[in-house]
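Peer 1: Sequence plus predicted model, see below.
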Amino acid sequence: MDYGAFMKKFTLQPLPSTTEDLALNNLTFTVKDIFDVDGYVTGFGNPDWAQTHLAATLTAPSVLALLAEGATCVGKTVMDEMA
């Protein structure tokens, strides 16, 4: 299935917070296919690599930081192979 700029579409909701006044509330972002997201294969833009490797078991700290500030992740984007 062709998702255009997306390798995989999914939604990661912002992390629970005790405050509603977060810097990135109501904003969305995507992650390049070089960053690990728990439960998804990081393929580095290479379909063969993605088919032969397991899904990540942790999420990259940079992705977690955006989620902690209220942003919602909407998927992984295409990248040049092994960039």
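Peer 2: Nice, thanks for sending it over.

Peer 1: for this protein, which residue is closest to the average position?
Peer 2: residue 31 (4.2 Å; C-alpha atoms, centre = their mean).

Peer 1: next structured bit after the helix or strand containing that residue?
Peer 2: Per DSSP states H and E: residue 31 is located in strand 28-32. Sequence order places helix 47-51 as the next helix or strand after strand 28-32, per DSSP H and E.

Peer 1: what does that following helix contact?
Peer 2: Residues from elsewhere that reach helix 47-51 (C-beta atoms under 8 Å, 6 or more residues apart in numbering): 41-44, 82. Placement of C-beta: from N, CA and C, glycine included.

Peer 1: circling back to that earlier point, which helices and strands does the strand holding residue 31 pack with?
Peer 2: Judged by 3 or more C-beta pairs under 8 Å, 6 or more residues apart in numbering; DSSP states H and E, strand 28-32 is in contact with strand 72-77.

Peer 1: hmm, back to that, how near is the residue nearest to the centre of the chain to residue 13?
Peer 2: Note on residue 31: its distance to residue 13, by C-beta to C-beta, to the nearest Å, is 15 Å.

Peer 1: so how far is residue 70 from residue 7?
Peer 2: As for residue 7, its distance to residue 70 is 24 Å (criterion: C-beta to C-beta).

Peer 1: So among the contacts of helix 47-51, where is pLDDT lowest?
Peer 2: pLDDT is lowest at residue 82 among these; the value there is 62.
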